[in-house]
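# Provided below for reference: sequence and predicted model.
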Amino acid sequence: MTLEIPGWKHTYSGKVRDLYAPADGSASRMLVVASDRVSAFDHVLEPGIPGKGELLTTLSQWWFDQLAGADGGTPVPNHLTGETVPDEVAGRSMIVRSLDMLPIECVVRGYLTGSGWLEYQQSGTVCGISLPEGLQDGDRLPEPIYTPAYKAPMGEHDENISFEKSAELVGADRAAELRDRSLEIYRRAAATAEAHGLILADTKFEFGTDEDGVLRLADEVLTSDSSRYWDAEAWRTGTTPAERMASFDKQIVRNWLAANWDKQGTPPELPAAIVDQTVARYRELLDLLIG
Ligand code: ATP
Ligand code: MG
């Protein structure tokens with residue numbers, strides 16, 4: 001569903017966000033509105049998660065501020081213009097520079113789980129990177145690793161790729177810049193998360209370039225849609241994977257769906273209890289991080 005927003009016209013809806021361009025036809029800025037839609041395994045699910053768009057926007061905005069220097073680190077250029085958003089979408093939208101997006105999802109993993117864990121069990125590697133033997137689901141990696149994915153055009157599945165492949169796609173220098181910057185931001189954010197009792201297990205960044213060729217951090221950052229957050233204490237003391245990876249993110253939805261759907265056809269509707277749990281966990285994350 002798209003909204004009538006004076007001064008803006010709807011241009012695109014992704015799985016989670018709706019994009020609007022200035023009605024005057026200028027193409028340098030856009031309004032990104034976060035909906036309450038939730039996606040898993042590349043499907044948008046029903047019903048949405050009430051308040052999710054606002055929670056994720058608050059989180060993303062907070063992290064952009066941290067990375068712009070509020071955490072004491074070197075400012076990371078980002079896509080925010082700092083303009084006030086229209087009242088209709090206050091709290092769940094941002095005005096950003098329209099960037100030339102790079103077709104790479106810059107994934108950084110500090111811990112082994114998800115698709116990384118699946119690949120590791122098959123081959124002892126994650127995106128071609130060899131890892132030590134004997135790791136378990138949820139284990140911390142010796143060093144955070146950069147495991148890019150090709151951002152497939154709409155409707156297609158993103159695909160894990162090697163660093164070399166990313167260099168073929170965007171050029172060697174840009175690929176190295178994406179890797180180095182992603183690892184640096186991950187390390188910085190993981191340290192902040194740790195200070196709040198949280199493990200940032202993994203995350204995904206997207207970057208784009210502006211008209212001057214400056215690389216800017218774009219999209220949403222370090223939200224519970226783009227990242228896995230775990231409770232640090234539960235991870236240390238837990239004995240089962242479920243206890244160790246007490247997550248503050250979409251994993252609740254993914255786990256329920258994996259147990260209740262064969263990934264054929266339309267996914268089943270999410271039960272109210274799963275929706276409620278997800279809202280509660282997202283709120284908890286916000287409380288822990290931002291207070
Ligand atoms: P898809 O576009 O395949 O549906 P998605 O589900 O991730 O992917 P959303 O996250 O809902 O899509 O929509 C956000 C879209 O806006 C993404 O395609 C993202 O790459 C793009 N985007 C984010 N920031 C910018 C920016 N500053 N300039 C241009 N595009 C951006
Ligand atoms: Mg997205």
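Structure's in. What do you need? Ligands and ions are numbered 1, 2, ... in the order given.

# and the strand or helix carrying V107, is it in reach of ligand 1?
For V107, the host element (DSSP states H and E) is strand 104-111. No: using Cβ under 6 Å from any ligand atom, strand 104-111 stays clear of ligand 1, coming no nearer than 8.7 Å. Quick note: C-beta positions are derived from backbone N, CA and C, even for glycine.

# Tell me which other helices or strands whichever helix or strand comes after that strand touches.
Counting by DSSP H and E, the element after strand 104-111 in chain order, helix or strand, is helix 114-123. Helix 114-123 is packed against strand 125-126, with contacts defined by 3 or more Cβ pairs under 8 Å, 6 or more residues apart in numbering; DSSP states H and E.

# Show me what the mean pLDDT comes to for the strand it packs on.
Averaged across strand 125-126, the pLDDT comes to 95.

# which other residues reach that strand?
R109, L112, G116, E119, Y120, L131, I145, T147 (Cβ atoms under 8 Å, 6 or more residues apart in numbering).

# and the next element down the chain from it?
Next helix or strand after strand 125-126 toward the C-terminus (DSSP H and E): strand 129-130.

# what about G171, how many neighbours?
Neighbour count of G171, defined by other Cβ atoms under 10 Å: 12.

# Please report phi then psi for it.
Phi and psi for G171, reported as degrees, to the nearest 10, are phi 100, psi 150.

# contacting residues around it?
Neighbouring residues of G171 by Cβ under 8 Å, 6+ apart: there are none.

# Next, work out how far apart it and I129 are.
21 Å (Cβ to Cβ, to the nearest Å).

# Can you tell me the element the closest residue to L99 other than its chain neighbours falls in?
Nearest residue to L99, sequence neighbours excluded (Cβ to Cβ, 6 or more residues apart in numbering): G208, at 2.7 Å. Element membership for G208, per DSSP H and E: strand 207-209.

# That strand: partners in the sheet, and parallel or antiparallel?
Applying DSSP bridges, strand 207-209 is found paired with strand 100-101 (antiparallel), strand 215-217 (antiparallel).

# winner for burial among these?
Of all the strands paired with strand 207-209, strand 215-217 carries the top mean neighbour count, a mean of 19, counting by mean count of other Cβ atoms under 10 Å.

# Buried residues in stretch 25-44, which are they?
Buried residues in stretch 25-44, counted by 16 or more other Cβ atoms under 10 Å: R29, M30, L31, V32, V33, A34, S35, D36, R37, V38, A40.

# which of those residues are close to ligand 1?
Contacts with ligand 1 are made by none of these, judged by Cβ under 6 Å from any ligand atom.

# Out of those, which one has the weakest pLDDT?
Minimum pLDDT for these is recorded at A40 (92).
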